[in-house]
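Visitor: this one's sequence-less:
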C-alpha cells in the first residue's frame with residue numbers, strides 16, 4: 001500500500017485525480033489552504049481519505065504532515081487566474097517559497113515527487129514543437145505574466161539540484177492546456193463553455209490567430225495513475241499534452257456548435273490586451289516524444305469528445 005500526498009487537492013486536477021485513485025490500494029492524504037466543500041468532505045470521509053488544512057507558504061503548518069514518509073507526492077498547489085498571476089508577491093510566495101517548504105519539509109529519500117509545471121516556461125520561443133531542452137524565451141521583467149513562468153522554471157532547477165542531495169526521484173510535468181470537469185472559469189475552455197451556455201459573447205485576444213493544444217483531464221490522469229506502478233522511474237522534465245494544434249477561434253466555434261449557443265465571437269483590440277499587461281503567446285505545441293519513449297504515454301481523447309464530456313458536466 002502506497003502513501004500518497006496530493007498538495008492543492010481542492011483544485012481542478014486534484015479533484016479529478018482523487019476520483020481516479022484507488023483508495024483501497026493506497027493510503028491517500030490531501031492538503032490545501034482551504035477546506036473542501038461539504039459534499040467533498042463527505043466523499044473523503046466515506047473513502048477514508050485524510051485531509052489537513054495547510055498553507056504551504058508557512059513553515060509551521062507542516063508539523064504533522066512532515067512526519068509521514070510518502071511514497072508519492074503530487075504537487076499541484078499554484079496560483080490561478082490573471083489577478084493572482086499579476087500579483088508578484090502571491091506568485092513568488094506560493095510557487096517559490098511554498099515549493100521550497102515542500103521539498104525541505106515533506107520530500108524524503110526514495111519519495112517520487114511529481115511537480116506540475118507549465119508550458120509557459122517556453123515563453124515566446126518561435127521554434128515549434130517545443131522540446132524539453134529548448135530555450136526559454138521570456139519577455140521583459142516589467143511584464144508580470146512572466147513571473148509565473150520564471151517561478152515555475154526556478155523550482156524545476158531547485159528540484160533537479162535537491163534530488164542529488166536527498167536522493168529522491170522526480171517527474172516535472174509541463175502541462176499544455178488541460179481541460180475538463182471541475183475546472184474554474186479562469187481557464188479558456190471552461191470560461192468559453194460557461195459563456196456559451198449563457199449565450200454570452202466569447203472574447204478572443206488580438207490578433208485572433210492563436211493556436212493551443214487542448215488536453216482532456218482523463219488523458220493526464222491516465223499518466224498520473226500509471227506512474228504509481230512504474231518500477232524504474234526516469235527522472236526529468238516531460239511535456240504532457242495533446243500535440244495537435246487547434247486555433248482558439250475554431251475551439252470557440254466548436255463549443256458554440258456543441259452547446260447550440262447564440263454566442264458570438266468578439267476580438268479584443270490590441271490596446272485592451274496591452275492594458276492587462278498580459279503579453280500573449282501566439283502559438284504553443286509540445287513535442288511529446290520523450291514522455292512516450294520512457295512511459296509510453298500519448299493522449300487518447302479527441303477535442304470534440306472531451307468537450308462533450310466537459311459541457312455535460314457544466315450543464
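Guide: Received it, and whenever you're ready, just let me know what you need. Fair warning: this is a prediction, and the values are worked out from it, not measured in the lab.

Visitor: Identify the single longest helix in the protein, thanks.
Guide: In the chain, with assignment by DSSP state H, the single longest helix is helix 145-166.

Visitor: State the mean pLDDT of that helix.
Guide: The average pLDDT for helix 145-166 rounds to 94.

Visitor: Need the residues that contact whichever helix or strand comes after that helix.
Guide: Next helix or strand after helix 145-166 toward the C-terminus (DSSP states H and E): strand 169-175. By Cβ atoms under 8 Å, 6 or more residues apart in numbering, the surrounding residues in contact with strand 169-175 are 110-119, 121-122, 132, 156, 159-160, 163, 215, 220, 227, 233, 235-241, 286. Heads up, the C-betas are built off the backbone N, CA and C, glycines and all.

Visitor: and those residues, which are buried?
Guide: 111-119, 121-122, 132, 156, 159, 163, 215, 220, 227, 235, 237-241, 286 (16 or more other Cβ atoms under 10 Å).

Visitor: show me where the protein has strands.
Guide: Under the criterion DSSP state E, the chain contains strands at 2-7, 26-32, 50-53, 72-75, 112-118, 169-175, 178-179, 202-205, 211-212, 215-216, 236-240, 246-247, 265-268.

Visitor: For residue 145, which of those strands is the nearest?
Guide: When the strands of the chain are compared by Cβ to Cβ, strand 112-118 sits nearest residue 145, at 11.2 Å.

Visitor: and that closest one, what does it pack onto?
Guide: Helices and strands touching strand 112-118, by 3 or more Cβ pairs under 8 Å, 6 or more residues apart in numbering; DSSP states H and E, are strand 72-75, helix 145-166, strand 169-175.

Visitor: That one to strand 169-175, inter-axis angle?
Guide: 20 degrees (axes from the mean of the first three to the mean of the last three Cα atoms, to 10 degrees).

Visitor: now strand 112-118, how far from the centre of its chain.
Guide: Centroid separation for strand 112-118 versus its chain: 9 Å, with Cα atoms, centre = their mean, to the nearest Å.

Visitor: And the average pLDDT for that strand is what?
Guide: Strand 112-118 comes out at a mean pLDDT of 98.

Visitor: so that strand versus helix 145-166, what angle?
Guide: Going by the same axes, to 10 degrees, strand 112-118 makes 160 degrees with helix 145-166.

Visitor: partners of strand 112-118, with directions?
Guide: Its sheet considered, strand 112-118 pairs with strand 72-75 (parallel), strand 169-175 (parallel) by DSSP bridges.

Visitor: outside of the first one, which residues touch it?
Guide: What it means is strand 72-75. Counting by Cβ under 8 Å, 6+ apart, 2-8, 14, 17, 99, 102, 106-107, 111-116, 224, 227-228 sit against strand 72-75.

Visitor: Residue 13: neighbouring residues, count only.
Guide: Neighbourhood size, residue 13 [other Cβ atoms under 10 Å]: 23.

Visitor: again, but for residue 129
Guide: 17.

Visitor: what sits against it?
Guide: Contacts of residue 129 by Cβ under 8 Å, 6+ apart are 243, 285-287.

Visitor: From the residues you listed, pick the one nearest residue 47.
Guide: Residue 47 has its nearest neighbour among the contacts of residue 129 in residue 286, at 33.4 Å by Cβ to Cβ.

Visitor: correct me, but the closest one touches residue 239?
Guide: Yes - contact status for residue 286 versus residue 239: in contact at 3.7 Å, counting by Cβ atoms under 8 Å.
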